[in-house]
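[1] Sequence plus predicted model, see below.
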Amino acid sequence: MWDIILPIVGGLFLFLYAVLTLSDTIQKAMGERAKQWILTFTSNLFLSIVTGTVVTTLLDSSSAVIIIAIIFVNAGLLTFRQAIGIVLGANIGTTVSSQIIAMDVAKYSPVLLLVGFFLMVLSKSEKVNTTGRVILLFGVLFFGLFTMENAVEPLKENPVFFEYLKKTENPIFGAVAGAVITLVIQSSSATVGMAVILAKKGFLSLAGGIAVMFGAELGTCSDTLMATIKGSRQAIKTGIFHLTFNLFSILIGLALFQPFVSLVSFIGRNVSVERSLANAHMLFNITGVLVFVWFVPVFERILNKLLPEINEPQPKQQVMSTWS
């Protein structure tokens, strides 16, 4: 059993290390550009959503982008409304990683490791060196997935493991499992990534994978909520909005669970189950944003009433209406 557990744990920690380090490395590589984009392209709610989507895709971490937004709100550089748009966009941007994982690029990880390593070692240019580090970390990320994928193969002969995973087809059980795993490892991308791998290997059904994905969306709120500790009222409201948006989306998703699974199955009737799960992740998050965006003024008023301002620095930009 240890010859299965140790590679799974090792692969998971390689993946987590790459995700956490990659986000920091790309932020440093981009310098002030990522922050400047957030400040420049958030003049209205629509642009804020687009900015949140693009920056999250580049940084490969919705939590990092939302935490940056919270920091900016704390500093009085962004309004609560602008931060709402970034939160919504980050939820769309984070679905890109599940699409990449479903593409089965993990087997090419040695190529990325080799290219990244030589760029880091052979170049004296800081820019090239940083680029090599980013490529190397992507290689580590995919190699972690590749390691986990191969490690779970022998578990096909383990009926206990198989029966336990079948329980995730109960949407409540699956969602709770996804939330707990995400709380422990502090990465919704890793949770969804593992679900995609297990689905690919035939351990996890599409319904079970979707339920786990729902839970991961809730578990990821923990680190952004922690970032609001001792923050301004606007920053706290940003964290609460993130939790509220994800919670409402999940509750609606659970209420319409079977129709949603049927829709995803119909759309992906000619594709693999892992690709269908990645598509479900994207469809769920984009639909949630498209529905929720029309109720932003309502939630903004409610949170403003529950947490009124107390002589805090006013942001430099003010947004008067939903789209302007």
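    It's in.
[2] What strand or helix carries residue 51?
    Following DSSP states H and E, one finds residue 51 within helix 45-59.
[3] Give me the helices and strands touching the next helix or strand after that helix, please.
    Next helix or strand after helix 45-59 toward the C-terminus (DSSP H and E): helix 62-74. Packed against helix 62-74, as judged by 3 or more Cβ pairs under 8 Å, 6 or more residues apart in numbering; DSSP states H and E, are the following elements: helix 33-40, helix 45-59, helix 80-93, helix 221-226, helix 233-255. All C-beta spots, glycine's among them, are computed from the backbone N, C-alpha and C.
[4] and of the ones you listed, who's closest to residue 199?
    Nearest to residue 199, of all the helices and strands packed on helix 62-74, is helix 233-255, at 17.5 Å by Cβ to Cβ.
[5] any idea which helix or strand comes after that closest one?
    helix 257-267.
[6] Need the contact partners of that following helix.
    Here helix 257-267 makes contact (Cβ atoms under 8 Å, 6 or more residues apart in numbering) with 171, 206-207, 210-211, 253, 276, 279-280, 283-284.
[7] Check which residues of it are buried.
    257, 260-261, 264 (16 or more other Cβ atoms under 10 Å).
[8] Remind me what whatever helix or strand comes next after that helix packs against, helices and strands.
    Of the helices and strands lying after helix 257-267 in sequence (DSSP H and E), the nearest is helix 273-292. Under the contact definition 3+ Cβ pairs under 8 Å, 6+ apart, helix 273-292 sits against helix 80-93, helix 95-102, helix 188-200, helix 206-219, helix 233-255, helix 257-267.
[9] For those, give me JSON lines that also has mean pLDDT and distance to residue 166.
    Output for the helices and strands packed on helix 273-292, formatted as JSON lines (pLDDT from 0 to 100; distance: least, Cβ to Cβ, whole Å):
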{"stretch": "helix 80-93", "mean pLDDT": "91", "distance to residue 166": "29"}
{"stretch": "helix 95-102", "mean pLDDT": "83", "distance to residue 166": "22"}
{"stretch": "helix 188-200", "mean pLDDT": "85", "distance to residue 166": "11"}
{"stretch": "helix 206-219", "mean pLDDT": "92", "distance to residue 166": "7"}
{"stretch": "helix 233-255", "mean pLDDT": "92", "distance to residue 166": "18"}
{"stretch": "helix 257-267", "mean pLDDT": "94", "distance to residue 166": "15"}
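[10] Which one of these lies nearest to residue 300?
    With Cβ to Cβ as the yardstick, what comes closest out of the helices and strands packed on helix 273-292 is helix 80-93 (6.3 Å).
[11] Pull the contacting residues for residue 272.
    So, once contact is read as Cβ under 8 Å, 6+ apart, residue 272 ends up touching 102, 200.
[12] So which of the helices and strands packed on helix 273-292 is nearest residue 17?
    Taking those one by one with Cβ to Cβ, helix 188-200 is closest: 10.5 Å.
[13] That closest one: how far from the chain's middle?
    12 Å (Cα atoms, centre = their mean, to the nearest Å).
[14] In PDB, could you pull the C-alpha coordinates for the helix holding residue 51?
    C-alpha atoms of helix 45-59 as PDB (Å, rounded to 0.1, in the frame of the first residue of the first chain):
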ATOM      1  CA  LEU A  45     -18.000  46.100 -13.500                       C
ATOM      2  CA  PHE A  46     -17.700  44.500 -17.000                       C
ATOM      3  CA  LEU A  47     -14.000  45.500 -17.300                       C
ATOM      4  CA  SER A  48     -13.400  44.300 -13.700                       C
ATOM      5  CA  ILE A  49     -14.800  40.900 -14.600                       C
ATOM      6  CA  VAL A  50     -12.600  40.700 -17.800                       C
ATOM      7  CA  THR A  51      -9.500  41.800 -15.800                       C
ATOM      8  CA  GLY A  52     -10.200  39.300 -13.100                       C
ATOM      9  CA  THR A  53     -10.500  36.500 -15.700                       C
ATOM     10  CA  VAL A  54      -7.300  37.500 -17.600                       C
ATOM     11  CA  VAL A  55      -5.100  38.000 -14.600                       C
ATOM     12  CA  THR A  56      -6.300  34.800 -13.000                       C
ATOM     13  CA  THR A  57      -5.600  32.900 -16.200                       C
ATOM     14  CA  LEU A  58      -2.100  34.300 -16.300                       C
ATOM     15  CA  LEU A  59      -1.300  33.800 -12.600                       C
END
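[15] what about the helices and strands packed on helix 273-292, which gets the closest to residue 5?
    Taking the helices and strands packed on helix 273-292 one by one with Cβ to Cβ, helix 188-200 is closest: 14.0 Å.
[16] And the most centrally placed residue in the chain, how close does it get to residue 131?
    In the chain, the centroid-proximal residue (Cα atoms, centre = their mean) is residue 94; its distance is 3.9 Å. Residue 94 sits at a distance of 23 Å from residue 131 (criterion: Cβ to Cβ, to the nearest Å).
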